[in-house]
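Colleague: next input, structure requested:
(one chain, ligands or ions: 1)
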Amino acid sequence: MSYARIIGTGSALPDRVLTNADLERMVDTNDEWIRTRTGIERRHIVSENETTADLAETAARRALDAAGVRPEELDLIIVGTTTPDYIFPNLGTLVQDRIGANGCAAVSCEAACAGFLYALGIAEKFIRVGESERVLVIGAETLSRFTDYTDRSTCVLFGDGAGAVVLAPDEKHGILRTQLYADGKYRDLLYFPSGVSRGFNDLKSGKDFVKMQGNEVFRVAVREFIRAAKNIFAATGMSPDELDWFVPHQANLRIIEAVAKRVGIPMDKVVVTIQEHGNTSAASVPLALDVAVRDGRIKPGQTLLFEAFGGGFTWGSALLRY
Ligand code: ACO
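Modeller: Purely as a prediction, here's the structure:
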């Protein structure tokens with residue numbers, strides 16, 4: 001069986017930037033609180049007419065370019081997102097048509113901030129069993145669309161963006177292992193309060209916003225990130241000393257630092273982009289990956305650990321040789 005190897009990465013960010021200073025003018029907050037409690041300095045926000053599909057398409061095109069793969073070579077597209085353009089057609093099919101990969105399988109995968117990790121875990125199996133040869137995996141979000149910009153406890157956290165990778169079979173190295181987890185008993189700590197079947201609350205007046213008990217999410221996220229990292233090192237027989245880069249979900253710098261310390265990963269081996277992007281949910285890991293690949297930090301052959309955690313709760317990790 002072959003490994004699934006990442007052969008190209010890409011990302012996209014909206015042009016519009018929302019700084020901490022901008023937020024100071026919108027809610028009772030300040031730059032000092034946001035930076036020290038979260039690590040965030042600015043985030044990118046979509047314009048009125050921009051959608052998740054626009055960001056996903058750009059990230060996809062850049063990843064395909066980097067991989068040297070033509071759209072028509074793709075046999076599967078999976079997009080991790082909780083903020084799709086439509087309930088259906090799914091975001092995968094929108095991207096597929098826009099890039100001209102018509103005919104291949106295309107689907108989206110909804111696991112909140114862990115959406116990209118879940119999509120990667122699924123995609124990797126298709127390659128391992130020989131069913132797919134070229135797979136596009138995307139994480140793309142416009143969380144600003146369901147953020148309450150009068151609620152200082154959530155509006156400072158989120159940003160919009162997309163990241164993408166192209167996977168191909170490789171005999172020698174690639175994704176060594178993915179491990180996915182969920183625990184639905186935590187559903188009330190982080191959720192969006194409505195949907196098609198339950199009904200939307202009050203879309204027109206904009207009262208459907210993300211709900212979060214931040215400090216409880218923080219506590220469980222740190223604990224499960226640490227456990228997931230230890231599990232994946234044990235499962236692969238590797239140790240944190242062998243790691244070149246940790247590419248974590250960018251939700252809070254304090255979560256990242258606590259996890260790195262407890263797992264035994266020095267911070268100079270951690271890719272941190274939260275100051276620029278905020279929490280972009282499913283886009284966070286592939287965005288950070290693309291930044292570090294393009295600025296030359298991450299090089300072929302290096303060992304990487306991805307981790308993400310989000311509503312549900314859903315979380316997961318991937319250990320790979322890039
Ligand atoms: N500016 C100033 N003060 C604020 C702000 C703000 N933006 N937000 C909250 N505060 C105040 C609170 O009102 C509180 O004041 P009080 O002590 O007078 O009551 C104080 O700051 C402390 O509030 P906490 O909520 O306890 O602050 P905490 O240190 O926990 O930080 C935060 C809050 C940043 C939300 C943190 O808990 C966190 O990052 N949690 C995890 C979020 C996360 O990981 N989400 C995961 C995924 S998101 C997804 O899946 C879509």
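
Colleague: quick one: name whatever helix or strand follows the biggest helix by length in the chain.
Modeller: In the chain, taking DSSP state H as the definition, the longest helix is helix 214-236. Moving toward the C-terminus from helix 214-236, the next helix or strand (DSSP states H and E) is strand 245-248.

Colleague: that next one and the ligand, are they touching?
Modeller: No. Strand 245-248 does not reach the ligand (CB under 6 Å from any ligand atom); its nearest approach is 10.8 Å. Heads up, the C-betas are built off the backbone N, CA and C, glycines and all.

Colleague: what is the mean pLDDT for that strand?
Modeller: Mean pLDDT, computed over strand 245-248, is 98.

Colleague: just the angle for whatever helix or strand comes next after that strand relative to helix 214-236, thanks.
Modeller: Sequence order places helix 253-263 as the next helix or strand after strand 245-248, per DSSP H and E. Here helix 253-263 points in a direction 30 degrees away from that of helix 214-236 (axes from the mean of the first three to the mean of the last three CA atoms, to 10 degrees).

Colleague: helices and strands around helix 253-263, which ones?
Modeller: Helix 253-263 is packed against helix 31-38, helix 214-236, strand 245-248, helix 274-277, with contacts defined by 3 or more CB pairs under 8 Å, 6 or more residues apart in numbering; DSSP states H and E.

Colleague: for Thr303, find the nearest of the ones you listed.
Modeller: Comparing those against Thr303 with CB to CB, the closest turns out to be strand 245-248 (7.7 Å).

Colleague: and that closest one, what does it pack onto?
Modeller: Using 3+ CB pairs under 8 Å, 6+ apart: strand 245-248 touches helix 253-263, helix 284-294, strand 303-310.

Colleague: follow-up on the earlier one: so which elements touch the longest helix of the chain?
Modeller: Helix 214-236 sits against strand 175-182, helix 253-263, strand 303-310, strand 314-321, with contacts defined as 3+ CB pairs under 8 Å, 6+ apart.

Colleague: between these, which one is nearest to Asn49?
Modeller: Checking the helices and strands packed on helix 214-236 against Asn49 by CB to CB gives strand 303-310 as the closest, at 26.9 Å.
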